[in-house]
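**Student:** coords please:
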Amino acid sequence: MTKAPRRELPARLDPRRPLVLETRELGRRAGSMREVRRTVPAPEALRLELVEVPPGSDIELDLRLESVMEGVLVSGTASAELQGECGRCLEPFTGRLEVDLQELFVYPDSTTDSTADVDEVRRLEHDLLDLEPVLRDAVVLALPLTPLCSPDCGGLCAGCGQRLDDLPAGHDHEAPDPRWAALAERFGTESSPPEKTG
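**Tutor:** I've put the predicted structure just below:
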């Protein structure tokens, strides 16, 4: 007689992790609510190619946990510092990012839990919820693909490669007329069109 395969239980969340929140005091009374304000260290890899939330830097959470019929609804904001490289002038810059968070964490025995696929919803584990995946998705999606040190950054001069914002007004590199480039190469000087003779 063979035994039925043992069903593996999910690893229990560690309540000491900064982005794991306790919901026990809400109970399952729909309508009960509590506010959570805390500062947590930023997890690794909140980044795109040119901009990131520095790992370990402060993220300020301002959240509301509400008990609803199917689980616990988490909503609020997360605010974090940014650092990166300007996509126009390549200078380093710093700034701040604020994102909205909203996610339903369903009870293990709820209708939503039993009808949804494993990856479709987030689930509570023993009155604990893990906010890190929600925070990660919200922050990474909000990071700019082309970050700028300022909205009106002029970028780099195509002629000399210096920041246009650091150069005097009217900075210009007069390009020789390409029609006379062959003459300039032959005689080693910038040529001008020959004078017309009568």
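
**Student:** which SS class is the residue lying closest to residue 51 once chain neighbours are set aside?
**Tutor:** Using CB to CB, 6 or more residues apart in numbering and skipping the chain neighbours, the partner closest in space to residue 51 is residue 84 (3.2 Å). Any C-beta I mention is one placed from the backbone N, CA and C, and that applies to glycine too. Assigned by DSSP: H, G, I helix; E, B strand; the rest coil, the conformation of residue 84 is strand.

**Student:** repeat for residue 105
**Tutor:** strand.

**Student:** Verify the contact between it and residue 71 for me.
**Tutor:** Yes - with contact defined as CB atoms under 8 Å, residue 105 and residue 71 form a contacting pair (5.1 Å).

**Student:** any common contacting residues for these two?
**Tutor:** Here residue 105 and residue 71 have 123-124 as joint contacts, going by CB atoms under 8 Å, 6 or more residues apart in numbering.

**Student:** Look up phi and psi at the most centrally placed residue in the chain.
**Tutor:** Taking CA atoms, centre = their mean, the centroid of the chain lies closest to residue 140, which sits 2.8 Å from it. Backbone torsions of residue 140, given as degrees, to the nearest 10, read phi -60, psi -40.

**Student:** which ones are touching it?
**Tutor:** Contacts of residue 140 (CB under 8 Å, 6+ apart): 46-48.

**Student:** can you pick the most crowded of those residues?
**Tutor:** residue 46 (22 neighbours; other CB atoms under 10 Å).

**Student:** all strands of the chain, in order?
**Tutor:** 20-22, 33-41, 51-52, 58-68, 71-85, 92-106, 122-123, 128-130 (DSSP state E).

**Student:** Dig out what residue 163 forms beta bridges with.
**Tutor:** residue 156 (DSSP bridges).

**Student:** Quick check: phi and psi at the closest residue to residue 55 other than its chain neighbours.
**Tutor:** Spatially, and ignoring its direct neighbours in sequence, residue 55 is nearest to residue 44 (4.9 Å; CB to CB, 6+ apart). The phi/psi pair for residue 44 (degrees, to the nearest 10) reads phi -70, psi 160.

**Student:** Residue 44: neighbouring residues, count only.
**Tutor:** Count around residue 44 with other CB under 10 Å applied: 11.

**Student:** cool, residue 66 as well?
**Tutor:** Residue 66: 16 neighbours (other CB under 10 Å).

**Student:** Any idea which helix or strand in this protein has the lowest mean pLDDT?
**Tutor:** helix 111-115 (a mean of 67; mean pLDDT, DSSP states H and E).
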